[in-house]
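Enquirer: model this:
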Amino acid sequence: MRKIKYTLSKYTSFLMLFGVLAFAAGCDSGGGDGGNDSSVMSDLAGTWGFGGLSDGDGDRTATFVMNYDSVVIIFTEAGSITLNVDAIDDAADATYSGTYTVNEGASTLTVTLSVAGTDTPLTFNYNFVSATTLTLTATGNTGILLGVLFNSSLVDPVTITLISV
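Expert: Here you go, the predicted structure:
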(Lines give C-alpha, C1' and ligand atoms only; values in the text may rest on other atoms or scores of the structure.)
Protein backbone atom coordinates (compact mmCIF):
# COMPACT_ATOMS: atom_id res chain seq x y z
CA MET A 1 0.00 0.00 0.00
CA ARG A 2 2.85 2.37 0.82
CA LYS A 3 4.45 1.74 -2.59
CA ILE A 4 1.15 2.50 -4.36
CA LYS A 5 0.76 5.79 -2.45
CA TYR A 6 4.37 6.71 -3.29
CA THR A 7 3.83 5.82 -6.94
CA LEU A 8 0.55 7.75 -7.15
CA SER A 9 2.14 10.79 -5.52
CA LYS A 10 5.06 10.59 -7.93
CA TYR A 11 2.78 10.31 -10.96
CA THR A 12 0.55 13.15 -9.84
CA SER A 13 3.53 15.44 -9.53
CA PHE A 14 4.86 14.45 -12.91
CA LEU A 15 1.51 15.07 -14.56
CA MET A 16 1.25 18.51 -13.07
CA LEU A 17 4.65 19.35 -14.43
CA PHE A 18 3.73 18.30 -17.95
CA GLY A 19 0.50 20.24 -17.81
CA VAL A 20 2.39 23.38 -16.95
CA LEU A 21 4.91 22.82 -19.68
CA ALA A 22 2.24 22.24 -22.22
CA PHE A 23 0.52 25.47 -21.25
CA ALA A 24 3.74 27.41 -21.53
CA ALA A 25 4.19 26.11 -25.04
CA GLY A 26 0.89 27.59 -26.14
CA CYS A 27 1.85 31.14 -25.34
CA ASP A 28 4.51 32.37 -27.76
CA SER A 29 3.08 34.99 -30.14
CA GLY A 30 1.36 38.35 -29.75
CA GLY A 31 -2.39 38.74 -29.54
CA GLY A 32 -5.07 40.94 -28.09
CA ASP A 33 -7.10 38.56 -25.95
CA GLY A 34 -6.53 39.84 -22.42
CA GLY A 35 -2.93 38.68 -22.05
CA ASN A 36 -3.36 35.46 -23.97
CA ASP A 37 -1.74 35.26 -27.37
CA SER A 38 -4.18 33.60 -29.73
CA SER A 39 -1.51 32.89 -32.37
CA VAL A 40 0.69 31.13 -29.80
CA MET A 41 -2.37 29.29 -28.52
CA SER A 42 -3.05 28.27 -32.11
CA ASP A 43 0.53 26.97 -32.42
CA LEU A 44 0.06 25.05 -29.19
CA ALA A 45 -3.39 23.62 -30.02
CA GLY A 46 -3.22 19.88 -30.53
CA THR A 47 -1.59 16.88 -28.94
CA TRP A 48 1.90 16.92 -27.40
CA GLY A 49 3.93 14.08 -25.91
CA PHE A 50 6.85 13.85 -23.51
CA GLY A 51 10.22 14.26 -25.20
CA GLY A 52 12.62 14.77 -22.30
CA LEU A 53 13.31 16.10 -18.81
CA SER A 54 16.45 17.77 -17.52
CA ASP A 55 17.48 19.72 -14.45
CA GLY A 56 20.60 21.37 -13.05
CA ASP A 57 22.15 17.90 -12.56
CA GLY A 58 21.61 16.86 -16.19
CA ASP A 59 19.30 14.66 -18.27
CA ARG A 60 16.56 12.91 -16.25
CA THR A 61 14.74 11.40 -19.24
CA ALA A 62 15.79 7.78 -18.57
CA THR A 63 14.41 7.90 -15.02
CA PHE A 64 11.12 9.27 -16.32
CA VAL A 65 10.82 6.60 -19.01
CA MET A 66 11.31 3.90 -16.37
CA ASN A 67 8.09 5.05 -14.64
CA TYR A 68 5.78 6.12 -17.49
CA ASP A 69 4.58 4.52 -20.71
CA SER A 70 3.41 7.89 -22.00
CA VAL A 71 2.43 11.40 -21.03
CA VAL A 72 0.15 13.18 -23.48
CA ILE A 73 -1.04 16.78 -23.24
CA ILE A 74 -3.92 18.13 -25.28
CA PHE A 75 -4.22 21.92 -25.64
CA THR A 76 -7.12 23.87 -27.09
CA GLU A 77 -7.00 27.37 -28.55
CA ALA A 78 -9.68 28.31 -26.00
CA GLY A 79 -7.22 27.88 -23.11
CA SER A 80 -8.08 24.45 -21.74
CA ILE A 81 -5.68 21.59 -21.21
CA THR A 82 -5.95 17.88 -20.53
CA LEU A 83 -3.04 15.83 -19.25
CA ASN A 84 -3.20 12.04 -19.69
CA VAL A 85 -0.60 10.00 -17.82
CA ASP A 86 -0.09 6.32 -18.58
CA ALA A 87 2.20 5.01 -15.86
CA ILE A 88 4.01 1.68 -15.86
CA ASP A 89 1.97 0.89 -12.74
CA ASP A 90 -1.65 1.03 -13.99
CA ALA A 91 -2.83 2.12 -10.54
CA ALA A 92 -0.96 5.39 -11.07
CA ASP A 93 -2.62 6.26 -14.41
CA ALA A 94 -4.30 9.65 -14.23
CA THR A 95 -6.05 12.36 -16.20
CA TYR A 96 -5.93 16.03 -15.17
CA SER A 97 -7.79 18.98 -16.62
CA GLY A 98 -7.31 22.68 -16.24
CA THR A 99 -6.71 26.00 -17.91
CA TYR A 100 -3.75 27.99 -19.10
CA THR A 101 -2.84 31.60 -19.85
CA VAL A 102 -0.02 33.01 -21.93
CA ASN A 103 2.03 36.17 -21.50
CA GLU A 104 3.78 36.65 -24.82
CA GLY A 105 5.78 39.67 -23.68
CA ALA A 106 7.40 37.61 -20.92
CA SER A 107 7.26 34.30 -22.89
CA THR A 108 5.54 32.67 -19.93
CA LEU A 109 2.88 30.07 -19.62
CA THR A 110 0.81 29.67 -16.46
CA VAL A 111 -1.06 26.39 -16.14
CA THR A 112 -3.61 25.72 -13.42
CA LEU A 113 -4.43 22.03 -12.97
CA SER A 114 -6.87 20.51 -10.53
CA VAL A 115 -4.85 17.99 -8.51
CA ALA A 116 -6.66 16.07 -5.79
CA GLY A 117 -9.31 18.81 -5.74
CA THR A 118 -6.81 21.64 -5.37
CA ASP A 119 -6.06 24.20 -8.08
CA THR A 120 -2.31 24.06 -8.59
CA PRO A 121 -0.69 26.87 -10.64
CA LEU A 122 2.57 26.18 -12.45
CA THR A 123 4.57 28.79 -14.35
CA PHE A 124 7.06 28.19 -17.16
CA ASN A 125 9.13 30.09 -19.66
CA TYR A 126 8.38 28.60 -23.07
CA ASN A 127 10.41 28.30 -26.25
CA PHE A 128 9.32 26.81 -29.56
CA VAL A 129 12.52 25.10 -30.72
CA SER A 130 10.70 24.21 -33.94
CA ALA A 131 7.09 23.84 -35.09
CA THR A 132 7.07 20.37 -33.50
CA THR A 133 9.30 20.81 -30.43
CA LEU A 134 8.64 22.96 -27.37
CA THR A 135 10.65 23.44 -24.19
CA LEU A 136 9.21 24.56 -20.88
CA THR A 137 11.52 25.81 -18.12
CA ALA A 138 10.05 26.03 -14.62
CA THR A 139 10.09 29.45 -12.96
CA GLY A 140 9.51 30.56 -9.38
CA ASN A 141 8.58 27.69 -7.11
CA THR A 142 7.38 25.47 -10.00
CA GLY A 143 10.68 23.50 -9.98
CA ILE A 144 10.15 22.72 -6.30
CA LEU A 145 6.53 21.70 -6.93
CA LEU A 146 7.66 19.44 -9.76
CA GLY A 147 10.17 17.77 -7.46
CA VAL A 148 7.44 17.15 -4.89
CA LEU A 149 5.08 15.90 -7.58
CA PHE A 150 7.67 13.50 -8.98
CA ASN A 151 8.85 12.49 -5.54
CA SER A 152 12.30 13.48 -6.66
CA SER A 153 14.85 16.11 -5.86
CA LEU A 154 14.99 18.21 -9.02
CA VAL A 155 17.58 20.97 -9.17
CA ASP A 156 16.85 24.27 -10.96
CA PRO A 157 16.64 24.86 -13.82
CA VAL A 158 14.02 22.17 -14.59
CA THR A 159 13.22 21.90 -18.32
CA ILE A 160 10.66 19.71 -20.02
CA THR A 161 10.71 19.00 -23.74
CA LEU A 162 7.43 18.34 -25.57
CA ILE A 163 7.07 16.88 -29.06
CA SER A 164 4.01 17.40 -31.27
CA VAL A 165 2.22 14.08 -31.80
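Enquirer: how far does the biggest strand by length in the chain sit from the chain's center?
Expert: When the chain is parsed with DSSP state E, its longest strand is strand 118-130. Strand 118-130 has its C-alpha centroid displaced from the chain centroid by 6 Å (C-alpha atoms, centre = their mean, to the nearest Å).
Enquirer: Doesn't residue 110 lie inside a helix?
Expert: No: counting by DSSP: H, G, I helix; E, B strand; the rest coil, residue 110 falls outside a helix, being strand.
Enquirer: Assess the claim that it and residue 119 are in contact.
Expert: No: between residue 110 and residue 119 there is no contact under C-beta atoms under 8 Å: 11.5 Å. Quick note: C-beta positions are derived from backbone N, CA and C, even for glycine.
Enquirer: follow-up on the earlier one: now do the longest strand of the chain: which elements does it pack against?
Expert: If you count contacts as 3 or more C-beta pairs under 8 Å, 6 or more residues apart in numbering; DSSP states H and E, strand 118-130 packs onto helix 2-25, strand 108-115, strand 133-138, helix 142-149.
Enquirer: In its sheet, which strands sit next to the shortest one, and in what direction?
Expert: Sheet pairing of strand 133-138 (DSSP bridges) gives strand 118-130 (antiparallel), strand 159-164 (antiparallel).
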